[in-house]
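**Student:** My questions are about this predicted structure, shown below with the sequence.
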Amino acid sequence: MRIGFVIERKNYYRLFGPIIDRALARGVEVDCWHDLSQLRHGPKALEFPDPRAVPSFRHGRPRVQTYRGAADLASRLGSEPRDAMIAVGCGPAAGTAGAGRWFGLQYTLDVAALVEPDGRSRCDGIGLHTAYWASRTADALRIFLDNRGDALASIDGAAIARTIEAKGTVVGFPQMDQFHDIDRALVRRRLHERFGVDPARPVVLYAPFPFRSNPRPFWVRHIYGARNGLHQRLAVALARRGEYRDHIARGFTDRRVVDVVRRFCDANGAALVVKARTKDPVPGYLARRSEAVLYDESYYPTTVLELMSIASLVIHCFSTISYEAAYAAVPSICIAPSQDDLGFPASWQEWFHSVKPADTFNVPGVVYPLTLDATLNDLPSARLADFPLELPARARYIEKFVGFDDGKCSDRVLDAVQSLVEGRRR
């Protein structure tokens, strides 16, 4: 069997790496198709899929191919047929001659890229995290359209559900498979050699917010992310946003949150290790208050899972890092400001960025939501033991949001693809 992987950004190897490695181990002929039409300037250029930036795999090396846009990919596949293509989206090249079977793989909300509002899909098969995500596909598409400014588009939820039922296979989170091969001692040794972090110290892994590359509504820009109180007061006065005077008085700023997290780490003898994104450099005050700042130095193995393997606790703000933490059996804290202040539209708040009980960011024993008030006032005196991982809660969380934790999600993807190629029913 010959399989191609569509690499539109180099960070796709975070998702595809374990599947590629497992396919090579099975003796599958693997091609990685790098899209050279992607942006070479601006923030997204940092993820340009340079064909020289292919990770090392344990079971061989894939063949690297290049193309320039969907039309060129379709043409290339016409002259060099593949049994199947695996991608995170089913664009115009899907279903073209020579493409074989097209398998779309979900990555959280990007399941929306696999279906159309009327329920159609160019994919022959769709790999889903869990049944919960299958039931939320239409809602994910609603968020996708909101982000695109097309919130009034009609969505046929019943047709989408039929498509997911017909084409979907629950495979879990394939990128998590690599967690089982990470050498924790090696990760700790590298942190010690590079940053002087004592291997015996517990590690609090911190995912910073706000992101510079994300939309920055008034509260994020002028209250939470303000340089100082003068900036806050002038912004509130000029914009006539008197409702935020109380936020200023209560010290709702990222600088204070960083200070509080630092005090929490000191009280618990823990090292503060920051995992950031390359396109979102951390502010100087965070870098100075942490033992180490790491960006995406590798996508296979991915840096965040390497750090997760040695973490005692993760702190974030509505980040999907909570799924990786749960997989790694690491509890996490979700710092949860008002979502109206954060600028999230209603479609986000309804279910995805939600702190309602049993939603992603509120499962005691796995993810602990803290308001800004609680973060600033209670976290400095808290103990690591106040945020325990509870195995029954984790099992439920994994089943609902992640799928499996057995390291075999890549095999599930490959089995589903092989079934498509051979024409077998799911």
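**Tutor:** Now that the structure is in, tell me what you want to look at.

**Student:** hey, where'd the strands end up in the stretch 1-150 of the chain?
**Tutor:** 2-7, 29-35, 63-67, 84-87, 101-105, 125-128 (DSSP state E, counting those that start in this stretch).

**Student:** who touches the longest one?
**Tutor:** Surrounding strand 29-35, the residues in contact under the criterion CB atoms under 8 Å, 6 or more residues apart in numbering are 1-8, 16, 20, 23-24, 49-51, 54, 60, 62-69, 73, 76, 82, 85. Where you see a C-beta, it was placed from the backbone N, CA and C, and this is true even at glycine.

**Student:** all helices in the stretch 201-350 of the chain, in order from the N-terminus.
**Tutor:** Listed in chain order, the helices found in the stretch 201-350 of the chain under DSSP state H, counting those that start in this stretch are 218, 229-239, 245-249, 254-267, 284-289, 303-308, 321-327, 339-342, 346-351.

**Student:** How far does the longest one sit from its chain's centre?
**Tutor:** Using CA atoms, centre = their mean, to the nearest Å, the mean C-alpha position of helix 254-267 is found 24 Å from that of the whole chain.

**Student:** Would you mark the buried spots in that helix?
**Tutor:** Neighbour-count burial for helix 254-267, with 16 or more other CB atoms under 10 Å as criterion, is recorded at 254-255, 257-262, 264-265.

**Student:** Show me what stretch 409-416 is in contact with.
**Tutor:** Under the criterion CB under 8 Å, 6+ apart, residues 18-19, 21-23, 26, 28, 86, 103, 105, 125, 127, 169-174, 176-177, 403-404, 426 lie in contact with stretch 409-416.

**Student:** So what's the gap between it and the chain middle?
**Tutor:** With CA atoms, centre = their mean as the basis, the distance from the averaged C-alpha position of stretch 409-416 to the chain average is 20 Å.

**Student:** One more: stretch 302-312?
**Tutor:** Using CA atoms, centre = their mean, we find the averaged C-alpha position of stretch 302-312 to lie 14 Å away from the chain's own average C-alpha position.

**Student:** before we move on, what about stretch 33-50?
**Tutor:** With CA atoms, centre = their mean, you get 19 Å for stretch 33-50.

**Student:** And it, end to end?
**Tutor:** 11 Å (CA to CA, to the nearest Å).

**Student:** Compute the distance between the spatially most central residue of the chain and Pro331, please.
**Tutor:** Geometric centre of the chain, nearest residue: Thr320, 4.9 Å, by CA atoms, centre = their mean. Taking CB to CB, to the nearest Å as the measure, Thr320 and Pro331 are separated by 16 Å.

**Student:** What of Ala74?
**Tutor:** According to CB to CB, Ala74 and Pro331 sit 46 Å apart.

**Student:** How about Ser56?
**Tutor:** If you go by CB to CB, the gap between Ser56 and Pro331 works out to 32 Å.

**Student:** ok, those two, which is more surrounded?
**Tutor:** When Ser56 is set against Pro331 and neighbours are counted by other CB atoms under 10 Å, the residue ahead is Pro331, at 25 against 10.

**Student:** returning to that earlier point: now for the strands of the stretch 1-150 of the chain, which one comes closest to Val293?
**Tutor:** strand 2-7 (27.1 Å; CB to CB).

**Student:** buried stuff in that closest one?
**Tutor:** Those would be 3-7, for strand 2-7 by 16+ other CB under 10 Å.

**Student:** Can you name every helix or strand that it contacts?
**Tutor:** Applying 3 or more CB pairs under 8 Å, 6 or more residues apart in numbering; DSSP states H and E, one finds that strand 2-7 makes contact with helix 13-25, strand 29-35, strand 84-87.

**Student:** contacting residues for the closest residue in space to Phe318 that isn't next to it in sequence?
**Tutor:** Setting aside the residues directly before and after it, Phe318 is nearest to His353 in space (CB to CB, 6 or more residues apart in numbering), at 4.8 Å. With contacts defined as CB under 8 Å, 6+ apart, His353 is in contact with 318, 339, 342, 344, 361.

**Student:** which stretch of helix or strand covers His353?
**Tutor:** Counting by DSSP states H and E, no helix or strand carries His353.

**Student:** what pLDDT does it get?
**Tutor:** pLDDT, the model's per-residue confidence, is 90 for His353.

**Student:** separation between it and Phe361?
**Tutor:** Between His353 and Phe361 the distance is 7 Å, computed by CB to CB.

**Student:** any common contacting residues for these two?
**Tutor:** Each of Phe318 lies in contact with both His353 and Phe361 under the rule CB under 8 Å, 6+ apart.

**Student:** and the residue nearest to the residue nearest to the centre of the chain when sequence neighbours are not counted, how many neighbours does it have?
**Tutor:** With CB to CB, 6+ apart as the criterion, Thr320 has its nearest non-adjacent residue at 5.4 Å, and that residue is Thr108. Neighbour count for Thr108, taken as other CB under 10 Å: 15.

**Student:** what sits against the residue nearest to Pro388 when sequence neighbours are not counted?
**Tutor:** In space, not counting the residues next to it along the chain, Pro388 is nearest to Pro331; the distance is 6.5 Å by CB to CB, 6+ apart. Contact criterion CB under 8 Å, 6+ apart gives 313-314, 325, 365-368, 387-389 as the residues in contact with Pro331.

**Student:** For Glu193, the count of nearby residues, please.
**Tutor:** Neighbour number of Glu193 under other CB under 10 Å is 9.

**Student:** For it, give its distance to Lys279.
**Tutor:** According to CB to CB, Glu193 and Lys279 sit 27 Å apart.

**Student:** how far away is Pro199 from Glu422?
**Tutor:** To Glu422, Pro199 is 49 Å away according to CB to CB.
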